[in-house]
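Undergrad: sharing a model that was predicted from the sequence below.
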Amino acid sequence: WMTAVDDIDPAWVQALWQAWRKAFGTPSTHWAWHPYTASERVTNILSFARAYGLPGPLDDTLSVLAGHAPAIAVKLEYFGDHHTSNHLANNGMGLYFLGLMLDMENTAAIGLRILLEEAGRIILPSGVLREGSSHYHLLVLALYQKAAELASACGRPEAVDLSAICEKMKGPARALLLPGGLPLIGDISPDISPEKLLAGLDLEPAPAAELMVADGWLRFDQGPWSGLWHASPEGFTHMPGHGHQDMGGFELHHGNEPVLVDPGRGAYGETGEAAQYRSAEAHNGLSIDGGDPYPANRPYYDATFRKHIAGTPPVLTALADGVSLRYQKEKTGEHLRQWSFSGDRMTIRDDLTGTGKHRIVRRLISPLAAESSDGKVILQGQEKTYRLDCEGAEISLQPITCWRAYGQGAAGSMIVFSNHQSLPFQGVLSMEVL
């Protein structure tokens, strides 16, 4: 309920705190005392206190806040490496803030230990969060940045280690930012909008093609084009995590204009629209017979089983004139997709191995106004016009929402290119600026 302290009325915080205190102030099994929620609450209110002081009455507020420490500590969200997400780092953040702000040294030590250990576990060698979401990467970066700032303000020696974690994460964060904004690949957090989060991080875009490629992310820039690609290193989306069925999914900008985008997802859920926006049906990719590129990941799948099902790990590569992705398609064969750029023109070539007759669907999603004309699709940008062509495919336009924050989106267009034919298959899509 509080994301910044520079535009908040202390009287409003006082009223809100008292209302919450009356209804939920005693630790319980209620969702208000879920460890993630409790950690967010103490971090927010103590951040506010650094600027304005705590809401009163002071003795009661201090007592209630101190009670958060055991409430969080006995319910830490650790479920083994394969089942533990960034929530545990959030728990550590709450304990660390409580410990430093309320002079509870043992609580601070526990929180710090969690923060440092979790950084080594959930942050991949390149510095990118392992959970398959660009927004969540920035969210976790902001968490560690807040911890580092508090440690520095308190003159703590661990400020050095916490700052180093932030610097490691900032490289990928800058590479995730394209000239026209942040591609929302994977889930969007309801905690804070991408726009507000970016305003607090003060990052500048910085191309870094090879920085994250081993961890499944690739930034490519050539001429007026800038793009971001994602391919989960195991094929399966990481679990637990916030990734989608977006193998080879990408976002492409021409100058400062997003032309082809990942639509993100407007809400969590396992059915209906929430499930659709996580599936291959809502990404810039290729599907066969309506299937996702990989089966849904399950908590009881071990690494050996996932490798057996997924086959050879995906290979995402930056080329001299574009990007290449090679991976195994379940039940069919290998898919090689190559993006090539030359001046104001881009082509996407798909090569599929396998046998039998199948329905092959390629999708591209745009926030721009789209119309079909003479077997081609015209996208109308702010200053440029783009033409899409795919010889031999049936082309249709469908409405889609391009989400910009949790629950907030704008109308977009999904261009669907369909073929019904036997494998092996070769096909070429092209887009050029008119």
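TA: All right, it came through fine. All values derive from a computational prediction rather than experimental measurement.
Undergrad: now for the chain, the helix or strand with the poorest mean pLDDT.
TA: helix 303-310 (a mean of 83; mean pLDDT, DSSP states H and E).
Undergrad: now for the longest strand seen in the chain, which elements pack on it?
TA: The residue-count maximum for a strand in the chain (DSSP state E) belongs to strand 408-422. Counting contacts by 3 or more Cβ pairs under 8 Å, 6 or more residues apart in numbering; DSSP states H and E, strand 408-422 is packed against strand 357-366, strand 369-373, strand 394-405, strand 425-433. Quick note: C-beta positions are derived from backbone N, CA and C, even for glycine.
Undergrad: listing partners with orientation, what would you give for it?
TA: Here strand 408-422 has these sheet partners by DSSP bridges: strand 357-366 (antiparallel), strand 394-405 (antiparallel).
Undergrad: ok, of the helices and strands packed on strand 408-422, where does mean pLDDT dip lowest?
TA: Note on those: lowest mean pLDDT is at strand 369-373, with a mean of 93.
Undergrad: what pairs with that one, parallel or antiparallel?
TA: Partners of strand 369-373 in its sheet, by DSSP bridges: strand 376-380 (antiparallel).
Undergrad: Leu46: helix or strand, and which one exactly?
TA: Following DSSP states H and E, one finds Leu46 within helix 35-52.
Undergrad: now do the contacts for the nearest residue to Ser39 once chain neighbours are set aside.
TA: Closest residue to Ser39 apart from its sequence neighbours, by Cβ to Cβ, 6 or more residues apart in numbering: Gly94 at 2.8 Å. Neighbour list for Gly94: 35, 38-43, 68, 72, 111 [criterion: Cβ atoms under 8 Å, 6 or more residues apart in numbering].
Undergrad: next one, pLDDT for Gly94 please.
TA: 98.
Undergrad: what is the neighbour count of the nearest residue in space to Ala214 that is not next to it in sequence?
TA: Distances taken as Cβ to Cβ, 6+ apart put Ser126 closest to Ala214, at 6.5 Å, once the chain neighbours are dropped. When neighbours are defined as other Cβ atoms under 10 Å, Ser126 has 19 of them.
Undergrad: just the element for Met106, please.
TA: Actually, residue 106 is Asn. It isn't Met. Here Asn106 is assigned to helix 105-122, by DSSP H and E.
Undergrad: quick one on the thing from earlier: report the two of the contacts of Gly94 separated the most.
TA: Arg41 and Gly111 (14.7 Å; Cβ to Cβ).
Undergrad: between those two, who's got more neighbours?
TA: Taking neighbours as other Cβ under 10 Å, Arg41 and Gly111 compare with Gly111 leading, 27 against 21.
Undergrad: and the more buried one, what does it touch?
TA: Neighbouring residues of Gly111 by Cβ under 8 Å, 6+ apart: 92-99.
Undergrad: quick one: contacts for the residue in the chain sticking out farthest from the centre?
TA: In the chain, counting by Cα atoms, centre = their mean, Asp59 sits farthest out from the average C-alpha position, at 40.4 Å. For Asp59, the contact set (Cβ under 8 Å, 6+ apart) is empty.
Undergrad: send me stretch 244-262 as CSV with only the CA atoms.
TA: Below are the C-alpha coordinates for stretch 244-262, written out as CSV (Å, rounded to 0.1, in the frame of the first residue of the first chain):
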residue,chain,number,x,y,z
HIS,A,244,5.5,-18.2,-19.6
GLN,A,245,5.4,-20.6,-22.5
ASP,A,246,7.5,-18.1,-24.5
MET,A,247,10.3,-20.2,-26.0
GLY,A,248,11.9,-17.9,-28.5
GLY,A,249,9.5,-15.1,-27.4
PHE,A,250,10.8,-11.7,-28.3
GLU,A,251,10.0,-7.9,-28.2
LEU,A,252,11.2,-5.7,-31.0
HIS,A,253,11.4,-1.9,-31.2
HIS,A,254,12.2,0.3,-34.1
GLY,A,255,13.9,3.4,-32.7
ASN,A,256,11.8,4.4,-29.7
GLU,A,257,8.7,2.7,-30.9
PRO,A,258,7.6,-0.8,-29.7
VAL,A,259,6.4,-2.6,-32.8
LEU,A,260,6.2,-6.3,-31.8
VAL,A,261,5.7,-6.9,-28.0
ASP,A,262,5.3,-9.5,-25.4
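Undergrad: check contacts around Leu176.
TA: Per Cβ under 8 Å, 6+ apart, neighbours of Leu176: 134, 137-138, 182-183, 217, 219, 228.
Undergrad: ok, now Gly53?
TA: Gly53 touches Pro10, counting by Cβ under 8 Å, 6+ apart.
Undergrad: how close does it sit to Asp7?
TA: Separation of Gly53 from Asp7 (Cβ to Cβ, to the nearest Å): 17 Å.
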